[in-house]
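Asker: Task: produce atomic coordinates for the following.
(2 chains)
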Amino acid sequence: MIFVFFTYFALVSIAAGVLTVALKHPVHCGLALLALLLHVSGLFILLNAEFLWAVQVIVYAGAILVLYLFVLMLLNLKTDDRYFHSSYLYFLVPAAIGSLYVLALLLRSPFGGAKGDAPTVAVLQDGDTYAVGIKMFSDYLLQFEIIGVFLLGAVIGAIVLAKTPKPITDKREE
Amino acid sequence: MVPLSAYVAVSAVLFITGLLGVLIRRNFIIVLMSVEIMLNAANINLVAFSYYLESMAGQLVALFVIAIAAGEAAIGLAIIIVVFRGKISTNVDEMNLLKW
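Answerer: All right, here's what the predicted structure looks like:
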């Protein structure tokens, strides 16, 4: 059953990713990106990461994508006839060969490694949100604070950038 | 039981799709969307390894990646608005000056 769901989410997210890159109209690209984000959040559910699922749906699909669509509709873009870069064929063939090679390497390797301290049974007992919270506010507190400062800086930077510039008047002339 | 390499393969395909989008698209907003695809591919990788190696660190780093993506989207779209106001174009080929 999990395999069926995994196949569905994986195939649809790859198809939506390709559509995001290949579609012509920017709003259609945004909607394909929405499909991609929702199906990636489905993959998070399969991996027992409910908290990340909620964050993905709320922050990505709810906030970031709305921001993109808002700017797209605000700018009212004209779609060019030539919407790919002129030399895209030079990238396409090496990318296809490279991705096939990477896939062949990935499907062979076992990915063994030392296990960590959060086995699935322990996570399922209290829930994923509890486990994430305990870990975040004990071992990762400094990183959490840094992210907070980063987001504050991003907000201030976006406001400063998007503000309508005042006409430059020299104060000495007044 | 889905093997870990299946998740990593999905993530690799998505990452290459996003990379292609950054390289071949000419609209700045689509380039930013392709960056979001690449960040999502990295997130799938982090959460998959977090599940199979039984460690919580991967999910926390994925959470930080989502926060970084939010900041990047805000700043990138603000830059697009500034450029569009000055030049009426979002083609990446025509943006080759930092100041004009």
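Asker: Now stretch B:17-33: average pLDDT?
Answerer: Stretch B:17-33 shows a mean pLDDT of 88.
Asker: Show the end-to-end separation of it, please.
Answerer: Stretch B:17-33 has its terminal residues 11 Å apart, counting by CA to CA, to the nearest Å.
Asker: Domain map for chain A?
Answerer: Split into domains by automatic domain parsing, chain A comes to A:1-78, A:118-164.
Asker: so which of these is the most packed in?
Answerer: Of all these, domain A:1-78 carries the top mean neighbour count, a mean of 18, counting by mean count of other CB atoms under 10 Å in any protein chain shown. (Glycine included, C-beta is placed from N, CA and C.)
Asker: for the record, mean pLDDT for that domain?
Answerer: For domain A:1-78, the mean pLDDT works out to 91.
Asker: for the helix or strand hosting A:V93, packing partners?
Answerer: Per DSSP states H and E, A:V93 falls inside helix A:88-108. On a contact count with 3 or more CB pairs under 8 Å, 6 or more residues apart in numbering or on different chains; DSSP states H and E, helix A:88-108 meets helix B:4-24.
Asker: List the buried residues for the helix it packs on?
Answerer: Buried residues in helix B:4-24, counted by 16 or more other CB atoms under 10 Å in any protein chain shown: B:4-24.
Asker: of all of chain B, which residue lies closest to chain A?
Answerer: Here chain B gets closest to chain A at one residue, B:S55, 2.5 Å apart by CB to the nearest CB.
Asker: Just give me how far the helix holding A:V93 sits from the chain centre.
Answerer: In terms of CA atoms, centre = their mean, to the nearest Å, the centre of helix A:88-108 is found 22 Å from the chain centre.
Asker: what's the answer for stretch A:136-152, then?
Answerer: Distance, centroid of stretch A:136-152 to centroid of chain: 19 Å (CA atoms, centre = their mean).
Asker: and that stretch, average pLDDT?
Answerer: What stretch A:136-152 shows for mean pLDDT is 93.
Asker: anything in that stretch near chain B?
Answerer: Yes. Stretch A:136-152 reaches chain B (CB under 8 Å from any CB of the partner chain) through A:M136, A:Y140, A:Q143, A:I147, A:F150, A:L151.
Asker: The fifth one contacts B:I68, doesn't it?
Answerer: Spelled out, that is A:F150. Yes. Here A:F150 reaches B:I68: they are 7.3 Å apart, a contact under CB atoms under 8 Å.
Asker: would JSON lines of the domains of chain A with distance to B:I81 be doable?
Answerer: JSON lines is the format used below for the domains of chain A (distance: least, CB to CB, whole Å):
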{"stretch": "domain A:1-78", "distance to B:I81": "7"}
{"stretch": "domain A:118-164", "distance to B:I81": "5"}
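Asker: list the contacts for the closest residue to chain B within chain A?
Answerer: At 2.5 Å from chain B, A:G116 is the closest residue in chain A, using CB to the nearest CB. Neighbour list for A:G116: B:L53, B:E54, B:S55, B:M56, B:A57 [criterion: CB atoms under 8 Å, 6 or more residues apart in numbering or on different chains].
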